[in-house]
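[1] next input, structure requested:
(chains A and B)
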Amino acid sequence: MTSTANPPRLAIPGQPLGPASRYRPGPGTHLHNGHLYASLLGHVRITAPARAPGPVKRLTKITPAPAPAELPTIAVLPSSSSLSSSSSSSTGQEGSAEQKQRRREVLPEVGNVVLCRVLRITPRQAVVTILVCGETVLEAEWQGVIRVQDVRATEKDRVKIYESFRPGDIVRAEVISLGDQANYYLSTAKNELGVVLATSETGNTMQPVSWKEMRDPVTGVLELRKVAQPQPQ
Amino acid sequence: MTDRRRINGPPGETIPPFFDDADRTPEAVKGRSRPPNAIRKMFLKTGVTPSASGSAYLEISTSAKPGASGLKLSCSVHGPRSLPRSAPFSPHLVLTTHVKYAPFATRQRRGYLRDSSERDLSVHLETALRGAIIADRWPKSGVDIIVSIIEGDQERETSRSQGDEVWEMMNALSGCITVAAAALADAGIDCVDTVAGGVAALVQDASNSESKPSIVLDPVPSEHEKILAACCIAYLPTRDEVTNLWFRGDLPASDMELYNALVEKGIHASRNANQYVTRPAAHHPCRRWGDDEYEDAA
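    Next comes the predicted model:
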């Protein structure tokens, strides 16, 4: 913390990490008076820019000059190795630290793709609870709403909520707004968004057969859903 | 025939124990055992409450008697979590603080509901932390910070009716700020800096009023004859900012020097307290990171 030449490996909130001209601020850091400071307790990780600004191999081709913003990103990743607890330093500890780090709470942000479960439907909207945000399983429950005009991109005036979702369906959706006091506003107006997992009225898991239909494999009954396009793994 | 509907005592006669504390009272230590610019020793540990997102435990020793315990605080941070449905939209983090004395924490038994002094401490703590948290990073969410004072900083024998509670509240608040900062860091909530609390006081040691009052850090009321004024400060060391200032006492309004000196000493005390938060954090992972260094060298 004394030398400003090299950032520390472990940072505590408020610890200086270097001038803003050398790094780009990543998660867990903040900018104050042209200097970067840590805002979380954790390990400092410096990520090189995606394309290393090295010398150009062949000078026969004219390449655009590398953008000046290609600075390494500095981030502080929180871990469970907090102040004085967990003094044992075995490899198992590393694993649990990794787990705790993964467990960290992420808020749904605009543009994130989330997985949610439909709680209840009304003619105007479907109320859902957001379970997974990106790759992170959320700790807390966040409520979201899919309004009737956000269900699909075309023929919006013909959309009926009960022909798109049913309570209990697992839906992949995109966050379009932080919404009002209680709800995030979600949209399924893309091919790859919509119902990914649904059970029929008899209780069997259904298979998608078209963009708006799912079939019960046991009884063969078709039910209407706004089906998400199956994605390759 | 004995009465079988009552619970009878044992047949043999017993003598109730009688505790005579008459010969123990003179032991009560008067006077300060550490230099005026030193704070008491602290013990700080994080991650004590598994169910909370972050937690910390702080213990401050009493210097008067080595075995006796001073302040014991436990803090848990819950969240960030979704706001209740009735709450209005908030583009930033909503901070809620609760400070509660355990019923057995002080000589005067406390109630189970928070009284006005505890609510007062909560408001002070909220002000101190609000200046440190980067609230914009967590829209539409709330954080609850709960500090339980397990043992208040009170001597058992002395200061029976001196009205020391207000000064002890200041010590409790500075401990609350320090322990809450550690718990926030444990919970992984973005903070501008590691905030810490400190107390400085203007005390008069001799009983005659001619002696000149002096300023000490981290005052324990039982160690001093009289506390004239005290100042509790929440301070961000890297930023050099004060987030909360609580001044109390009886000072001539003309003497600005004295006010400034008290605030300066309070900042000094919180810098010292901050060492207890940052030092273990800076030293602990050495062993763990040693392996990585080796890999880099190979």
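[2] for residue B:109, grab the count of nearby residues.
    10 (other CB atoms under 10 Å in any protein chain shown). Quick note: C-beta positions are derived from backbone N, CA and C, even for glycine.
[3] not counting sequence-adjacent ones, nearest residue to it?
    Nearest in space to residue B:109, with sequence neighbours left out and distances taken as CB to CB, 6 or more residues apart in numbering or on different chains, is residue B:103 at 5.7 Å.
[4] what's the neighbour count on that neighbour?
    By the measure other CB under 10 Å, the count of residues near residue B:103 is 10.
[5] now whichever residue of chain A sits closest to chain B. Nearest residue, chain neighbours left out?
    Using CB to the nearest CB, the single residue of chain A nearest to chain B is residue A:14, 3.2 Å away. Nearest residue to residue A:14, sequence neighbours excluded (CB to CB, 6+ apart): residue B:193, at 3.2 Å.
[6] likewise for residue B:53?
    Counting by CB to CB, 6+ apart, the residue nearest residue B:53 is residue B:187, at 4.2 Å.
[7] separation between the one you found and residue B:247?
    30 Å (CB to CB, to the nearest Å).
[8] SS state for the residue of chain A closest to chain B?
    Under DSSP: H, G, I helix; E, B strand; the rest coil, the three-state class of residue A:14 is coil.
[9] okay but it is in contact with residue B:192, surely?
    Yes - Residue A:14 lies in contact with residue B:192 (CB atoms under 8 Å); the separation is 6.4 Å.
[10] who has more neighbours, the two?
    For residue A:14 versus residue B:192, neighbours defined as other CB under 10 Å are more numerous around residue A:14 (24 against 21).
[11] ok, that one to residue B:124 distance?
    From residue A:14 to residue B:124 the distance is 21 Å (CB to CB).
[12] if we can go back for a sec, what residues are up against the residue nearest to residue B:109?
    Applying CB atoms under 8 Å, 6 or more residues apart in numbering or on different chains to residue B:103 gives the contacts B:109-112.
[13] wait, which of those residues is closest to residue A:128?
    residue B:112 (39.3 Å; CB to CB).
[14] quickly list what's touching both of residue A:14 and residue B:192.
    A:37, A:39, B:236, B:239.
[15] with neighbour count and pLDDT added, can I get the residues you listed in CSV?
    Below are these laid out as CSV (neighbours: other CB atoms under 10 Å in any protein chain shown; pLDDT from 0 to 100):
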residue, neighbour count, pLDDT
A:37, 23, 91
A:39, 30, 90
B:236, 23, 94
B:239, 17, 89
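[16] taking these one by one, which sit in strands?
    A:37, B:236 (DSSP state E).
[17] looking at the shared contacts of residue A:14 and residue B:192, spot the one nearest residue A:198.
    residue A:39 (41.6 Å).
[18] for the closest one, which non-adjacent residue is closest in space?
    residue B:190 is the one closest to residue A:39 (CB to CB, 6+ apart), at 4.1 Å.
[19] hmm, that neighbour is touching residue A:38, no?
    No - Residue B:190 lies out of contact with residue A:38 (CB under 8 Å); the separation is 9.5 Å.
[20] neighbour count: the two, which is higher?
    Per other CB under 10 Å, whichever of residue B:190 and residue A:38 has more neighbours is residue A:38, with 29 against 23.
[21] now for the closest residue to that one other than its chain neighbours: which residues touch it?
    Once flanking residues are discounted, residue A:38 sits nearest to residue A:11: 3.5 Å by CB to CB, 6+ apart. Residues near residue A:11 by CB under 8 Å, 6+ apart: A:17, A:28, A:38, A:40-44, A:76.
[22] which two of those residues have the greatest separation?
    Put simply, by CB to CB the two of the contacts of residue A:11 set farthest apart are A:17 and A:41, 13.3 Å from each other.
[23] what's the overlap in contacts for the two?
    By CB under 8 Å, 6+ apart, the residues touching both residue A:17 and residue A:41 are A:11, A:76.
[24] of those two, give the one with the bigger neighbour count.
    residue A:41 (31 against 26).
[25] could you turn the buried ones of the contacts of residue B:103 into a ChimeraX selection?
    Selecting only the buried entries of those in ChimeraX, with 16 or more other CB atoms under 10 Å in any protein chain shown as the criterion:
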select /B:110
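[26] where does the chain have low pLDDT?
    I went with chain A, as the question did not name one. By pLDDT under 70, the weakly predicted segments of chain A are A:1-5, A:50-69, A:79-105.
[27] should've been chain B
    B:1-2, B:20-30, B:63-69, B:154-164, B:206-210, B:280-298.
[28] pick out the residue in it sitting closest to chain A.
    For chain B, CB to the nearest CB, closest residue to chain A: residue B:193, 3.2 Å.
[29] quick check, that residue in a strand?
    No - Residue B:193 is assigned coil when assessed by three-state DSSP, not a strand.
[30] residues near it, how many?
    26.
[31] quick check: residue B:74 touching residue B:151?
    No - in this structure, residue B:74 is not within contact of residue B:151 by CB under 8 Å, at 10.2 Å.
[32] tell me which of those two has more neighbours.
    Applying other CB under 10 Å to residue B:74 and residue B:151 shows that residue B:74 carries more neighbours, namely 20 against 17.
[33] pick out the residue closest to the middle of the chain.
    As the question left the chain open, I've gone with chain A. residue A:134 (2.7 Å; CA atoms, centre = their mean).
[34] my bad, chain B
    In chain B, the residue lying closest to the centroid (CA atoms, centre = their mean) is residue B:175, at 2.1 Å.
[35] roughly how far does that one sit from residue B:242?
    Note on residue B:175: its distance to residue B:242, by CB to CB, is 18 Å.
[36] residues contacting residue A:73?
    By CB under 8 Å, 6+ apart, the neighbours of residue A:73 are A:23-26, A:46-47, A:49.
[37] next one: residue A:177
    So residue A:177 contacts A:110, A:184-185 (CB under 8 Å, 6+ apart).
[38] okay, now residue B:38: neighbour count?
    15.
[39] my guess is it contacts residue B:198. True?
    No - applying CB under 8 Å as the test, residue B:38 and residue B:198 come out as separate, 11.9 Å apart.
[40] quickly list what's touching both of these two.
    Contacts common to residue B:38 and residue B:198, judged by CB under 8 Å, 6+ apart, are B:217-218, B:272.
[41] kindly export the longest strand seen in chain B (C-alpha atoms) in CSV.
    Here the longest strand in chain B is taken by residue count, with DSSP E as the criterion, and it is strand B:69-82. Extracted C-alpha coordinates of strand B:69-82, given in CSV (Å, rounded to 0.1, in the frame of the first residue of the first chain):
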residue,chain,number,x,y,z
SER,B,69,-14.4,-7.2,29.8
GLY,B,70,-15.3,-4.0,28.1
LEU,B,71,-17.4,-3.4,25.1
LYS,B,72,-18.6,-6.5,23.1
LEU,B,73,-20.3,-5.9,19.8
SER,B,74,-21.7,-8.1,17.2
CYS,B,75,-22.8,-6.8,13.8
SER,B,76,-24.5,-8.6,11.0
VAL,B,77,-25.3,-7.3,7.5
HIS,B,78,-28.2,-8.6,5.6
GLY,B,79,-28.6,-7.9,1.9
PRO,B,80,-28.6,-6.4,-0.6
ARG,B,81,-32.1,-7.7,-0.9
SER,B,82,-35.3,-6.5,-2.6
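[42] quick one: the helices in chain A?
    Using DSSP state H, the helices of chain A run over residues A:91-102.
[43] on that earlier part again, grab the nearest non-local neighbour of the residue nearest to the centre of chain A.
    residue A:112 (5.6 Å).
[44] neighbours of the one you found, just the number please.
    By other CB under 10 Å, 18 other residues sit near residue A:112.
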